[in-house]
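**Q** can't give you the sequence, but here's the structure:
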């Protein structure tokens, strides 16, 4: 299970499916996560899992946008906060 910081506030948890893990084990872990009030996703054991890989992609694109003069740092941040980050 890959929790996000701060764990008490972040709803997402990645459940990392290892090569030898049965579906029963994955479902038990999913139930545990839901019981903790989390919203689980299942990912394969891979560098960065899902969320870190997405974060790298977003960061690289933000840097390219700044280099190309598409928007200022403040406006790129505001676009992410208002357009993509949940207010929950």
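**A** Arrived safely. Keep in mind it's a predicted model, so treat the numbers as computed, not measured.

**Q** okay, now the domains of the protein?
**A** If you go by automatic domain parsing, the domain ranges for the chain are 2-44, 51-83.

**Q** need these in TSV with mean neighbour count, can you?
**A** Every residue, glycine included, has its C-beta placed from N, CA and C. Converted to TSV, these look like this (neighbours: other CB atoms under 10 Å):
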stretch	mean neighbour count
domain 2-44	13
domain 51-83	11
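
**Q** grab the nearest non-local neighbour of the most centrally placed residue in the chain.
**A** Here the mean C-alpha position of the chain is nearest to the C-alpha of residue 51 (CA atoms, centre = their mean), at a distance of 3.2 Å. Nearest residue to residue 51 in three dimensions, chain neighbours excluded: residue 14, at 6.4 Å (CB to CB, 6 or more residues apart in numbering).

**Q** quick check: beta-bridge partners of the one you found?
**A** residue 2, residue 41 (DSSP bridges).

**Q** which parts of this protein are helices?
**A** 23-35, 51-67, 73-83 (DSSP state H).

**Q** residue ranges in the protein under the pLDDT threshold?
**A** Where the chain drops to pLDDT under 70, the residues are 20, 85-88.

**Q** quick check: phi and psi on the residue located most distally from the centre of the chain?
**A** Relative to the centre of the chain, the most outlying C-alpha is that of residue 69, 27.6 Å out, by CA atoms, centre = their mean. With angles defined as degrees, to the nearest 10, residue 69 sits at phi 70, psi 20.

**Q** so the residue nearest to residue 51 touches residue 41, yeah?
**A** Yes. Contact criterion CB atoms under 8 Å: residue 14 and residue 41 qualify, at 5.7 Å.
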